[in-house]
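In: how would this look folded up:
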Amino acid sequence: MPSLPAQCTPFKETISMAGPTDTAAASWSVPRTPSADGPSGKAAEDAVEISRPTEGKREYSPKAAAADRLLAALEHYVDENPSSTSFGAHGAHFSWRSVIHTPGQRRLQSLIVSIFTFFTGIPICMAITGLLLLSRYTAPFMVMYLIWIFTFGRPRHPLCKHQTFTRCFVWRYYCDYFPIRLVIPRPVRRRFDKERNYFFVYHPHGIHSFGAIVNFGLDQNDASKTLHGITIHLQTLKVNLYVPLWRQLAIWAGCGDASASCIRKTLRSGPGQSIMLVVGGAEESLMAKPNRNDLLLFKRKGFIKIALQEGTPLVPVYGFGENNVYSVPELADEPWIRYLMVLWKQYVGFAIPLVRGRGFFNFNYGLLPHRRPIVVVVGEPLEVPHIPNPTKEDLEVWQGKYIECLRKLYNEHRGIYDLESTGLRIMQ
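Out: Residues are numbered from 1 along each chain as shown. Next comes the predicted model:
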């Protein structure tokens, strides 16, 4: 099946025909103004007629029927708008027509994403800091600011999320660039209790973990409203909390530093206080490739240990399409390049993958991620016992049960969101 056009954001009328499968994607379950380049209401009606079962056809599952209806609507739209461009897994060709006729809204989305990524955001903040230190007028203030960061300005976890920050219009453009959506089925929502704490585990890491940042750090698809009373603190690299200027984004988003002490402190801070950890880490980011779902999980037992010690349910979360937004050049697979990247990670603490994205006016190279959809699906909580001192056997048993839940989550939704991939593989 061909890839769905990444720039066509489905709207409410199309998704509401999906049948009994109930999701909690904020942008799909809450009425919004239809995208200017999305399918029209006429296309949605035609999609129903096209996908209506006839005699002699086999019966589809509700999810498969919903996917067929959506695909029919998108194909109908593309047929009526032959100038539209959809980007496959290998990018698209440059054309001046696409540059001239690209809507301003999409240009604004590209600008915002180009600023707030790990590859560009930190260098920009460091450059601004350096320029301010070089000026005799601003240098004293910057020196005091740097001293404050490493003394009295150290984060005290758990941090409060600033609603003014997360509701800023800028992040809606950030979310719609890909676009990124959130799916929490109704049976899953019923399993959550606002009086309890939860340990959300996000897979895969990808290059930048866009799905985790947008849905749970910036709360752009209303996860906090869907899971009422539950506050999710995304855990990030400690360096993100100490880079001048850049650190404010992580602090205002209520992020933690991914340390065991920070996680435990957050889980013990009160009802509903929960955390999300991207367990693959920097090492898994070096394995991210389009249409691949390779996870590092067998040797990750630290999060299992904390969950058992705190008696906190584990919640598997999977970001379908997370690995598709960046391509990987062949050079990245060279042994000496891999060795240098691993060596860098060992000494610095984070990895810088060798990737190929897109630019403002081209689709084949650059640091911008490709416009490819990311759909984040939340699974059912896995109840774990409270074991203050878990043994090695306890860790292996409950890690196996968690992996089983993760595989179940992936297999249930792969038929809709991940048809072209090689399937889920847990490497080590």
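
In: where's residue 250, which helix or strand?
Out: Under the criterion of DSSP states H and E, residue 250 resides in helix 247-252.

In: what is the burial count for residue 331?
Out: The burial count assigned to residue 331 is 10, neighbours taken as other CB atoms under 10 Å. For every residue, glycine as well, the C-beta is placed using N, CA and C.

In: and the pLDDT at it?
Out: Reading off the confidence values, residue 331 has pLDDT 80.

In: cool, and residue 182?
Out: For residue 182, pLDDT reads 95.

In: sorry, back to before: can you name the element that comes right after the helix holding residue 250?
Out: Helix 247-252 is succeeded, C-terminally, by helix 260-267 (DSSP H and E).

In: next structured bit after that next one?
Out: Using DSSP H and E, the helix or strand that directly follows helix 260-267 along the chain is strand 273-278.

In: distance between the ends of stretch 199-209?
Out: The first residue of stretch 199-209 is 17 Å away from its last residue (CA to CA, to the nearest Å).

In: chain center to it: distance?
Out: In terms of CA atoms, centre = their mean, to the nearest Å, the gap separating the centre of stretch 199-209 from the centre of its chain is 7 Å.

In: now it: mean pLDDT?
Out: Mean pLDDT, computed over stretch 199-209, is 95.

In: would you mark the buried spots in that stretch?
Out: Under the neighbour-count criterion of 16 or more other CB atoms under 10 Å, stretch 199-209 has 199-209 buried.

In: and if you look at stretch 309-318?
Out: Using 16+ other CB under 10 Å as the test for burial, stretch 309-318 gives 309-310, 312-318.

In: for stretch 259-273, same thing?
Out: Quick answer for stretch 259-273 (16+ other CB under 10 Å): 262-267, 272-273.

In: from the buried residues of stretch 199-209, which two are the most distant?
Out: 199 and 207 (23.9 Å; CB to CB).

In: next SSE after the helix or strand where residue 124 lies?
Out: Assigned by DSSP H and E, residue 124 falls within helix 118-134. Of the helices and strands lying after helix 118-134 in sequence (DSSP H and E), the nearest is helix 139-149.

In: so what's residue 203 bridging to?
Out: Residue 203 has the following beta-bridge partners by DSSP bridges: residue 318.

In: thinking again about what came up before, now the buried residues of stretch 309-318 in JSON lines, with secondary structure, distance to residue 188 and pLDDT?
Out: Shown next, in JSON lines, are the buried residues of stretch 309-318 (DSSP: H, G, I helix; E, B strand; the rest coil; distance: CB to CB, whole Å; pLDDT from 0 to 100):
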{"residue": "309", "secondary structure": "helix", "distance to residue 188": "25", "pLDDT": "96"}
{"residue": "310", "secondary structure": "helix", "distance to residue 188": "21", "pLDDT": "96"}
{"residue": "312", "secondary structure": "coil", "distance to residue 188": "17", "pLDDT": "97"}
{"residue": "313", "secondary structure": "coil", "distance to residue 188": "12", "pLDDT": "97"}
{"residue": "314", "secondary structure": "strand", "distance to residue 188": "13", "pLDDT": "98"}
{"residue": "315", "secondary structure": "strand", "distance to residue 188": "9", "pLDDT": "98"}
{"residue": "316", "secondary structure": "strand", "distance to residue 188": "10", "pLDDT": "97"}
{"residue": "317", "secondary structure": "strand", "distance to residue 188": "11", "pLDDT": "98"}
{"residue": "318", "secondary structure": "strand", "distance to residue 188": "12", "pLDDT": "97"}
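
In: which one of the residues you listed is nearest to residue 387?
Out: Set against residue 387, the nearest of the buried residues of stretch 309-318 by CB to CB is residue 309 (6.8 Å).

In: ok, residue 411 - contacts?
Out: Residue 411 makes contact with residue 424, according to CB atoms under 8 Å, 6 or more residues apart in numbering.

In: tell me if it really is in a helix.
Out: Yes. The assignment for residue 411 (DSSP: H, G, I helix; E, B strand; the rest coil) places it in a helix.

In: and the strands in the stretch 151-300 of the chain?
Out: Under the criterion DSSP state E, counting those that start in this stretch, the stretch 151-300 of the chain contains strands at 180-183, 199-203, 231-234, 273-278, 293-295.

In: what sits closest to the residue nearest the centre of the chain if chain neighbours are left out?
Out: Central residue of the chain (CA atoms, centre = their mean): residue 211, 1.0 Å from the mean position. Leaving aside its chain neighbours, residue 211 sits nearest to residue 319 (3.5 Å; criterion: CB to CB, 6 or more residues apart in numbering).

In: ok, back up a step: need the contact list for the residue nearest to the centre of the chain.
Out: 180, 202, 319, 321-322, 374, 376 are the contacts of residue 211 under CB under 8 Å, 6+ apart.

In: can you check residue 329 too?
Out: Residue 329 is in contact with 354-356, counting by CB under 8 Å, 6+ apart.

In: now the residues you listed as a markdown table including pLDDT?
Out: Below are these laid out as a markdown table (pLDDT from 0 to 100):
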| residue | pLDDT |
| --- | --- |
| 354 | 82 |
| 355 | 85 |
| 356 | 86 |
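
In: ok, those vs residue 157, which is closest?
Out: Of the contacts of residue 329, the one sitting nearest to residue 157 (CB to CB) turns out to be residue 355, at 31.0 Å.

In: so residue 376 is in which element?
Out: Going by DSSP H and E, residue 376 is in strand 374-378.

In: quickly run through the sheet partners of that strand, with directions.
Out: If you go by DSSP bridges, strand 374-378 pairs up with strand 180-183 (parallel), strand 314-320 (antiparallel).

In: mind putting those strands in CSV, distance to residue 303 included?
Out: Shown next, in CSV, are those (distance: least, CB to CB, whole Å):
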stretch, distance to residue 303
strand 180-183, 22
strand 314-320, 8
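
In: ok, which of the ones you listed comes nearest residue 69?
Out: The closest of the strands paired with strand 374-378 to residue 69 is strand 180-183. By CB to CB, the value is 16.4 Å.

In: measure how far the closest one is from the centre of its chain, please.
Out: Strand 180-183 sits 9 Å away from the centroid of its parent chain (CA atoms, centre = their mean).

In: which parts of it count as buried, going by neighbours?
Out: Quick answer for strand 180-183 (16+ other CB under 10 Å): 180-183.

In: where are the low-confidence patches of this protein?
Out: By pLDDT under 70, the low-scoring segments of the chain are 1-61, 63-65, 67-68, 72-99.

In: that older thread, tell me the one of the buried residues of stretch 259-273 nearest residue 219?
Out: Using CB to CB, the buried residues of stretch 259-273 come closest to residue 219 at residue 272, 14.1 Å.
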